[in-house]
Structures are given as C-alpha cells and as structure tokens.
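Asker: turn this into a model:
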Amino acid sequence: MKLLERRMAVKNTPFSLGSTLDNDSAWQFEEVKTSSRPVVLKEPAKHLLVLKMEKRQGKPVSIVGPFFLAKEALTQLCSLVKKKLGSGGTCKEEWLEFQGECREKLKSILQNEGFRFKA
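Answerer: Prediction:
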C-alpha cells in the first residue's frame, strides 16, 4: 500500500527515480507540457488595442494592449512611448503598462505610430 501512495505522490513530478515493476529502466521521463500560444505577428494598422486604467497600491496604472509584435519590437515601442510620455513603464507579455493616468496621451502617441483602438 505504501508503494502505491508513493507512486501517486510522484505522479505530479516530471521524472521519478527508482525501480518499478512495470519496466526495467530506473529513470522515467514524462513530457512537460507548456501552454504557449502560437505567436501571430501583425502590422500596426491591424491591431485593435484596448486602454485600461487600474489602481495598484493606490496609484493609477495605464494599460494598453494586446500587441501582436515580436518581443524586441515591443520593447523598442515601450521605450519610445516612455520617452514621449516622460513616465516609467514596462512591457509584460503582450501588454504595456505605464505609471500614472496617461490614457489620452498614450492613445495619441500610439495613433501617430499607426495603431488603432477599439471604440
């Protein structure tokens, strides 16, 4: 009974060490499944961006996205917008986050770069 409980506990790990009765190998590897979406790259005119505002620790954060760009292009766009806004920000996955309430400025900067927004 203890062997069965030990096998059930080891079931969630990607590999197990030890001998089993089922086969002769001591190492058993399981495939680790990653849940990554396929990356679809779009040109700026085909984006439909959403502007949101959140409060984090009592301070406003402006969020825009989702962007369908390569990681390098997204970081370049983020640094360009940060310079034009004069505020801090970051890019997380396919969203850009900026400090402060700057949605109107953010919208005009990105529209000048060729991006579109949902109504």
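
Asker: now do the helices in this protein.
Answerer: For the chain, applying DSSP state H gives helices covering 2-10, 71-85, 103-112.

Asker: out of these, which comes closest to residue 51?
Answerer: Across the helices of the chain, the minimum distance to residue 51, taken as CB to CB, is reached by helix 103-112, at 4.9 Å. Quick note: C-beta positions are derived from backbone N, CA and C, even for glycine.

Asker: got the angle between that closest one and helix 71-85?
Answerer: Counting by axes from the mean of the first three to the mean of the last three CA atoms, to 10 degrees, helix 103-112 lies at 130 degrees to helix 71-85.

Asker: list the helices and strands the lengthiest strand in the chain packs on?
Answerer: Taking residue count as the measure and DSSP state E as the definition, the longest strand of the chain comes out as strand 48-56. Applying 3 or more CB pairs under 8 Å, 6 or more residues apart in numbering; DSSP states H and E, one finds that strand 48-56 contacts strand 59-65, helix 103-112, strand 116-117.

Asker: low-confidence ranges in this protein?
Answerer: Residues of the chain that meet the criterion pLDDT under 70 lie in 1-39, 119.

Asker: report the contact partners of residue 88.
Answerer: Contacts of residue 88 were listed using CB atoms under 8 Å, 6 or more residues apart in numbering, and they are 82, 98, 99.

Asker: how far away is the first one from residue 76?
Answerer: Distance from residue 82 to residue 76, counting by CB to CB, to the nearest Å: 11 Å.

Asker: those two: which is more packed in?
Answerer: residue 82 (17 against 13; other CB atoms under 10 Å).
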